[in-house]
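Novice: Return a 3D structure for these sequence lines:
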Amino acid sequence: MIEMTAGEIAKAVDGVLIGNGDTVITDVQYDSRAVKEGTLFAAIKGEKVDGHKFIKECFAKGAAAVFTENEVPENSTGCYIEVENSRLALQKLAGYHRSKRNVRLIGITGSVGKTSTKEMIAAGLSKGFDVMKTQGNKNSQIGLPMTMFEIEEHNEIAVIEMGMSEFGEMDRLADIARPNIAVMTNIGVAHIENLGTKENILKEKFRITKYFDKDGVLFLNGDDVLLKSLHGKQEFKTVTFGLDKENDFYAEEITPKGFHTKFVCCFGGERVELNIPALGEHSVKNALAAFAVGKHLGLDEKTIQLGLMTYQNAPMRQQIHEMKDFILIDDSYNSSPDAAKVSLNVLKSVAKGKTIAVLADMLELGEKSESEHYGVGKHLAELGIDTLVAVGKLSGNTARGAEENGCKEVVMFENNGQAYEYLKKIIEKECAVLVKGSRGMHTDEIVKKVLSDF
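Specialist: Predicted coordinates:
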């Protein structure tokens, strides 16, 4: 909920106001379908759709004002704010709104695991603070500004995802969000097609700290070689977490118990037993990050532990469904080589019987695509996963990696429909099934069919 006047907004974005400057704005939208009474509609010119086509419709639905790049027609009665670029105006307004909120903002970035880390940190802090968090994964050049508008006056902490795939994007996001604390999960090969090297990815993601003052704190996954190299070399404080004992916060005695994981968190000579409702070493690292941030913010161990127990995986992100006779792991939101390997580890850990991995193409890997797909197949085989159902042309390399390294059963299909028909035939009692692929592969279609048919 926001409350600004059109005149205030025009000044904040360097726009030209045409209409009543006292018009009150209580909502901001760029999707005309979400417009309601009191909304400022940002008419954005996209690749496929020009939002300016919907201005008249938005006023009819009660929009209070619009951002427009076009010249306002004569005799118009609505409230317009003329701007050079509606997308940039939306970002400027989001930054202005953030500046009005007295909230400590925690920015989360990394090649994989941003959403699960965000969810874990928000959970860990939830019993000690009024916490706001990014809904879903609205972390982009439009998604993050929209998230800023959701920060309320009563919020004490905002845990925000900040994603980038090209040079310059993190600069813009950091300018909008101005994080006081940042968490970097890892540096992988996601988006390497655009950024070229891991070193470039690191450099770009590190821009999350661009507006840090002397009190800013950067939390780093110290198990990542590139991130570890940043530790202790900045003008601001850095803290490492991970499984390696050289980290400031590290884990010992990791023990899966059903769909929970128990471990001992070690830091500064202290040892604290923790329990999280999640599986996999990556979840332990996320919990270590949450614990480290919580301690930095002054929470005691019991309060953090109570918060961690409220953690839930976001939809389509290693979401475990206990079906009648088998386990389904829905990790269909997106995929990358590192994330796929982690999910295969989880598949292996929950299995009582046969293990089946449905893996679709991983996109945006550029010249590394063949080798990275092969590497995932090899990892699958080395884990002893029983069956690989590969979907898409690129996943032929995953299949080859699995076959050449000893996977018992490897089948390949062109599309999700074919893969599902085969999957139906091989699901058996006490088996465990993982479904994962890049967003563009729409592997959630397979999950929906399994959930409806079994």
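
Novice: Can you name the residues bridging to I160?
Specialist: In this entry, I160 is beta-bridged to G107, by DSSP bridges.

Novice: quick one: the helices in the stretch 1-150 of the chain?
Specialist: Assigned by DSSP state H, counting those that start in this stretch, the helices in the stretch 1-150 of the chain fall at 6-12, 55-60, 86-99, 114-125, 143-148.

Novice: Present these as TSV; the columns should include distance to H321 and mean pLDDT.
Specialist: Glycine gets a C-beta too; all of them are placed from N, C-alpha and C. Formatted as TSV, the helices of the stretch 1-150 of the chain follow (distance: least, C-beta to C-beta, whole Å; pLDDT from 0 to 100):
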stretch	distance to H321	mean pLDDT
helix 6-12	44	98
helix 55-60	39	95
helix 86-99	36	97
helix 114-125	17	96
helix 143-148	27	95
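
Novice: Same list (those helices) but as JSON lines, adding mean neighbour count and distance to V435.
Specialist: Listed next are the helices of the stretch 1-150 of the chain as JSON lines, based on neighbours: other C-beta atoms under 10 Å; distance: least, C-beta to C-beta, whole Å:
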{"stretch": "helix 6-12", "mean neighbour count": "20", "distance to V435": "44"}
{"stretch": "helix 55-60", "mean neighbour count": "17", "distance to V435": "38"}
{"stretch": "helix 86-99", "mean neighbour count": "22", "distance to V435": "34"}
{"stretch": "helix 114-125", "mean neighbour count": "27", "distance to V435": "17"}
{"stretch": "helix 143-148", "mean neighbour count": "24", "distance to V435": "24"}
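
Novice: Out of these, flag the one nearest E270.
Specialist: Between E270 and the helices of the stretch 1-150 of the chain, the tightest spacing by C-beta to C-beta is seen for helix 114-125, at 16.8 Å.

Novice: Run the chain-centre distance for the closest one.
Specialist: Averaging C-alpha positions (C-alpha atoms, centre = their mean, to the nearest Å) puts helix 114-125 10 Å from its chain's average.

Novice: again, but for stretch 371-378
Specialist: Worked out by C-alpha atoms, centre = their mean, stretch 371-378 lies 23 Å from the chain centre.

Novice: Any buried residues in it, and which?
Specialist: E372, H373, Y374, G375, V376, G377, K378 (16 or more other C-beta atoms under 10 Å).

Novice: re the thing from before, figure out which of the helices of the stretch 1-150 of the chain is closest to L195.
Specialist: Judging the helices of the stretch 1-150 of the chain by C-beta to C-beta, what sits closest to L195 is helix 114-125, at 16.1 Å.

Novice: Summarise which helices and strands that closest one is packed against.
Specialist: Contact partners of helix 114-125 among helices and strands, from 3 or more C-beta pairs under 8 Å, 6 or more residues apart in numbering; DSSP states H and E: strand 104-109, strand 131-133, strand 157-161, helix 281-296, helix 301-308.

Novice: The helices of the stretch 1-150 of the chain into TSV, with extra columns for distance to L279?
Specialist: Below are the helices of the stretch 1-150 of the chain laid out as TSV (distance: least, C-beta to C-beta, whole Å):
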stretch	distance to L279
helix 6-12	45
helix 55-60	45
helix 86-99	35
helix 114-125	11
helix 143-148	28
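
Novice: Nearest to R439, out of the ones you listed?
Specialist: From these, taking C-beta to C-beta, the stretch that ends up closest is helix 114-125, at 12.4 Å.
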